[in-house]
Structures are given as C-alpha cells and as structure tokens.
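Participant: Pasting the sequence and the predicted coordinates here, then a few questions.
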Amino acid sequence: MTTTTPQKATRTSSRRAPKQPAVTTETTGIASSESLPDDRTASQTASFDARVAAEDPGTLRKLYRDMLFVRRFEERTAQSYQQAQIGGYCHLNLGEEATVIGLGAAMRPTDYLFTNYREHGYALAKGIGPGRVMAELYGRSTGTSKGWGGSMHMYDTQTRLLGGYAIVGGQVPLAVGAALAIDYRGGDDVVVCQMGEGTTNIGAFHESLNLAALWNLPIVFLVVNNQTGMGTTVEKSSAEPDLWKRAAAYRMRGERVDGTDVLAVRDTAGQLIDTARREGRPALLEAVSHRLKGHSVVDPAKYRTEEMVTAARSHDPIEIWKSALLKTGALSEDSATALDAEIIAEVAAAVEFAHTSPHPQPSSLFDYTYATPVPGDSRRLPADPLFTA
Ligand SMILES: Cc1ncc(C[n+]2csc(CCOP(=O)(O)OP(=O)(O)O)c2C)c(N)n1
Ligand SMILES: [Mg+2]
C-alpha cells in the first residue's frame, strides 16, 4: 500500500472543513468505564436502567425483536450445519447480538458496511431478507452471492453490505478504499468496517488506520472484542489489550463500549458515525462482549475455562435486554413468548426458502468473478483439460 497522499485538488467534496492531515484529536475511553461487562457496578446498572426507561417502548421492543431474530437465526444455522445442509466454514454471532443490532440502528441504510466472516447478523441488520441470507448459507442461487460465497462471503450492493471477508484483516484496506471513493465523489455516506479483536494485530489494520487518519476519511472501525480470536485470548495475543487505545497511534478518536448493551453501542456508534459524516474524521470503536460458543460451529471450545463460560453466560445480551424490558413493562412474559414463536416461524420460512431454492449451475461459476471482462481469465472447471488444442 502506498503512503502517497492522493491529489486532493481533484476532489469535488466541499462538505468538510479544509483537510489537515493528522489533526490532533482526543482519545478517550468514555462510555466504557460506565459499562464494561466485567465491571458493571450498582450505580452503572442504575444508569443502564435510566437509559432504558428514557426510551420509547416501541424502540425497546424493536431492538429486542431484532436481537432475538439474530439469536434464533444463528441457532437454526447451527442446526442446519449439523444436518449437513450448510457446508464450509461457519461462524455465528451468538453473544454479539447487541453489538450487531446497536450498530445497525446507528447506520443509515445508505452507509456501507464491511465485515469479517462472522457476518450473518450484520447482513440481517443491514436489511437483507433472512431467506436470502439462509439461501447463501445453503449455497443456493437465491442467496446474497448467488450461492457461490457461503457463510463467509455475504455481499449485497443494494443494502451496501460489501462483504463478508474470510482473510483476517482483508476487509480493512478495502473499506478505507471505499471511504476514499466517497470522499472523492463528495458524498455524505459513511463506511463502517467491522472486525474482530484478533485483527488489530494484522499489518493491514495499522496501514489502513494510518491512511484513514492522514486523509480524514469518513470511516468508523468497529472492533468487536469478543475476547477470543479462534482459541487465543486477547491478553495472550495483544501487547495492549485495551484496543480502543490503538486509535491514539493515529491521532484518531477511540472509544470503548459494553458490546452487550445495545443502547450504548447504538449511541456511541451513532456519535462516531455522525462525526465521520460531518467532518470526515475517522474513529475506532471497541465493543466488548463474549462469544457464547466456539470460534466456528465445529469448535467445541474446550480451551475455554469455566470462568470464561460463566462470564459469557452471565452477560448474555438477550437475557439482559429481556429482563430490562420486563422490568419497564415494555414486554410481558406472554408477549415475549408470542414474539419468540413468531420469530422461530420466520426463521423456519427462511430455511424452507433456502431448502427449496435451486443450486447454482456449475457453468455460472466464473460469471461474477470480475465486475468487468478480464482478458485471459481462466474459466477452467475441475476435470477440464489444462490445455485445449
Ligand atoms: C490472514 C489470516 N490469518 C489467519 C486466519 C485464520 N483465522 C481465522 S479466524 C481467526 C481468528 C480471528 O479472531 P478475531 O479477529 O478476534 O475474530 P472473531 O473470530 O473473534 O470474530 C484466525 C486466526 C485467517 N483467516 N486469515
Ligand atoms: Mg475475537
């Protein structure tokens, strides 16, 4: 990646103040200390209760529905995988529902989202129909990537989910490129680039943050700190496990939130996205949560200690949110049961849609490799001769 500053004179954007490379910005840990999962105190809980009470009941229920939808969708995905209906690698958002839905609530539909391979929930949050997401998991032609991508490669230009990337850190430079394109064209969209905490040790992460800060690009880097990268804890793999502080190296604003608190994620992400939109200032948001299951659906996660499992279960965002809503009266036990049944039926309909959709034709394998024709691109299928006469 080059570090040459692009020709700013060619940019049409005039929406932001004159660009000063590497503006000095503060780096804080605000929302954070208020509500980190492992040190929530009685007064912090009160603040959580007060924030819940200040919300309109309809909004509270919508957030609950959306989070529960991701939960039931992912549970059904695991089941279908065990039934050998889904192939390849498959990673679930179980335990991260508040981060996924909080982010979705903070973004405009026209904002762009890049994610890692753990993206089913983000695809739903971006507004892609559950049938199309499940069909992609099933490898069917009605899926988001016409069945050729699978679990790790959801992609949808209409809702602006620009992938689903299997290579750790692969999405980060591309997301910065998208932010640069927005800036060149003078648009007011924002890019959010989601990644796991393990990704913050990849070289491309640092190159990308550097350029985003130098060029004042409208991008928010969302680090989902589920405290585990495959089987390694963040403390064992990161010399600085307070990941939000990494923003300081690029004079970028860094924040940490409780990733199991949907309101905290929505509000903090909302502030950072707003600043990126208005001022073209990038930021880093670390959302701390727990992975409820193994790294992928085939990982029994035997490396996790009893304490880690207990901590994950006691910070289950669905349970936290459900009890908060029962307390405020926004939800009753009966309405919660009815809602759950409704969601399970919708997920079952998505499975039915996927199951009855056609497989893609092998002859279409190369149809979507490049956006424009590329001379000499190989269209050789398995068992085809290497050379034709
Ligand atoms: C460049 C690269 N190195 C290694 C891998 C193998 N790998 C897949 S996921 C993963 C862990 C990533 O952890 P994190 O970034 O925390 O994301 P999470 O799975 O927790 O969402 C690794 C090492 C990979 N896919 N790409
Ligand atoms: Mg992780």
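Facilitator: Nice, I can see it. Numbers count the residues shown, from 1 in each chain. Ligands and ions are numbered 1, 2, ... in the order given.

Participant: Spit out the contact partners of the nearest residue to Thr110 once chain neighbours are set aside.
Facilitator: The shortest distance from Thr110 to any non-neighbouring residue, by CB to CB, 6 or more residues apart in numbering, is to Asp189 (5.4 Å). (Glycine included, C-beta is placed from N, CA and C.) By CB atoms under 8 Å, 6 or more residues apart in numbering, Asp189 lies in contact with 108, 110-112, 160, 182, 218, 277.

Participant: can we see that at 6 Å?
Facilitator: By CB atoms under 6 Å, 6 or more residues apart in numbering, the contact set of Asp189 is 110-111, 182.

Participant: Over to Tyr117?
Facilitator: Counted by CB under 6 Å, 6+ apart, Tyr117 has contacts 91, 152, 166.

Participant: Any buried residues in the helix or strand that contains Ala350, and which?
Facilitator: Element membership of Ala350, judged by DSSP states H and E, is helix 333-356. Going by neighbour count (16 or more other CB atoms under 10 Å), the buried part of helix 333-356 is 336, 339, 343-344, 347, 350-351, 353-354.

Participant: OK, contacts around the residue lying closest to Gly170 once chain neighbours are set aside?
Facilitator: Using CB to CB, 6+ apart and skipping residues adjacent in sequence, the residue nearest Gly170 is Ala204, 7.6 Å away. By CB under 6 Å, 6+ apart, the contact set of Ala204 is 169, 172-173.

Participant: hang on, the earlier thing: include distance to Ser364 when you put the buried residues of helix 333-356 into JSON lines, please.
Facilitator: Listed next are those as JSON lines, based on distance: CB to CB, whole Å:
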{"residue": "Ala336", "distance to Ser364": "44"}
{"residue": "Leu339", "distance to Ser364": "39"}
{"residue": "Ile343", "distance to Ser364": "33"}
{"residue": "Ile344", "distance to Ser364": "33"}
{"residue": "Val347", "distance to Ser364": "28"}
{"residue": "Ala350", "distance to Ser364": "23"}
{"residue": "Val351", "distance to Ser364": "24"}
{"residue": "Phe353", "distance to Ser364": "20"}
{"residue": "Ala354", "distance to Ser364": "18"}
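
Participant: which of the residues you listed are close to ligand 2?
Facilitator: Among the buried residues of helix 333-356, not one lies near ligand 2 by CB under 5 Å from the ion.

Participant: Could you check how far Asn225 is from ligand 1?
Facilitator: 8 Å (CB to the nearest ligand atom, to the nearest Å).

Participant: show me the contacts for that residue.
Facilitator: 197, 243, 286, 288.

Participant: what do you get for Ala106?
Facilitator: 266, 269-270, 273.

Participant: So it versus Val220, what's the distance?
Facilitator: For Ala106, the distance to Val220 (CB to CB, to the nearest Å) stands at 9 Å.

Participant: residues shared between the contacts of the two?
Facilitator: Common neighbours of Ala106 and Val220 (CB under 6 Å, 6+ apart) are Ile273.

Participant: Settle this for me: Ala276 is touching Leu222, isn't it.
Facilitator: No. Using CB atoms under 6 Å, Ala276 is not in contact with Leu222, being 11.7 Å away.

Participant: Give me every residue in the chain lying close to ligand 2.
Facilitator: 196-197, 226, 229.

Participant: For ligand 1, what is the nearest residue in the stretch 251-389 of the chain?
Facilitator: Ligand 1 sits closest to His295 of the stretch 251-389 of the chain, with a gap of 5.7 Å, by CB to the nearest ligand atom.

Participant: One more: the stretch 1-150 of the chain?
Facilitator: Arg118 (4.3 Å).

Participant: From the structure, what's the count of residues near that residue?
Facilitator: Neighbour count of Arg118, defined by other CB atoms under 10 Å: 26.

Participant: Run a quick check on it versus Cys90, I expect a contact.
Facilitator: No. Contact status for Arg118 versus Cys90: not in contact, 9.5 Å apart, counting by CB under 6 Å.

Participant: How many residues are close by Ala287?
Facilitator: Ala287 has 31 nearby residues by other CB under 10 Å.

Participant: which among the contacts of Asn225 gets closest to Pro300?
Facilitator: Glu197 (21.5 Å; CB to CB).

Participant: mind listing what the closest one touches?
Facilitator: Taking CB under 6 Å, 6+ apart as the test, what Glu197 contacts is 223, 225, 234, 243.

Participant: picking that back up, quick check: the farthest pair among the residues of the chain next to ligand 2?
Facilitator: The widest separation within the residues of the chain next to ligand 2 (CB to CB) is 8.5 Å, between Asn226 and Gly229.

Participant: Looking at the two, which has the bigger crowd around it?
Facilitator: Asn226 (24 against 21).

Participant: So for the closest residue in space to that one that isn't next to it in sequence, what pLDDT did the model give?
Facilitator: Spatial nearest neighbour of Asn226, excluding adjacent residues (CB to CB, 6+ apart): Arg291 at 4.3 Å. Arg291 is assigned a predicted lDDT (pLDDT) of 95.

Participant: For Arg291, which residues are in contact?
Facilitator: Contacts of Arg291 (CB under 6 Å, 6+ apart): 95, 226, 228.

Participant: Just the closest of the contacts of Asn225 to Phe48, please.
Facilitator: Val288 (14.7 Å).

Participant: wait, that closest one sits on Val257?
Facilitator: No. Using CB under 6 Å, Val288 is not in contact with Val257, being 7.3 Å away.

Participant: Neighbour count for those two, which is higher?
Facilitator: Val257 (29 against 26).

Participant: Wait, a helix at the more buried one?
Facilitator: No. Under DSSP: H, G, I helix; E, B strand; the rest coil, Val257 falls outside any helix and is assigned strand.

Participant: mind checking how far it is from Ala287?
Facilitator: For Val257 relative to Ala287 (CB to CB), the value is 5 Å.

Participant: cool, and Ala312?
Facilitator: 15 Å.

Participant: and if you look at Asp384?
Facilitator: Taking CB to CB as the measure, Asp384 falls 46 Å from Ala287.

Participant: Equivalent analysis for Pro109, please.
Facilitator: From Pro109 to Ala287 the distance is 21 Å (CB to CB).
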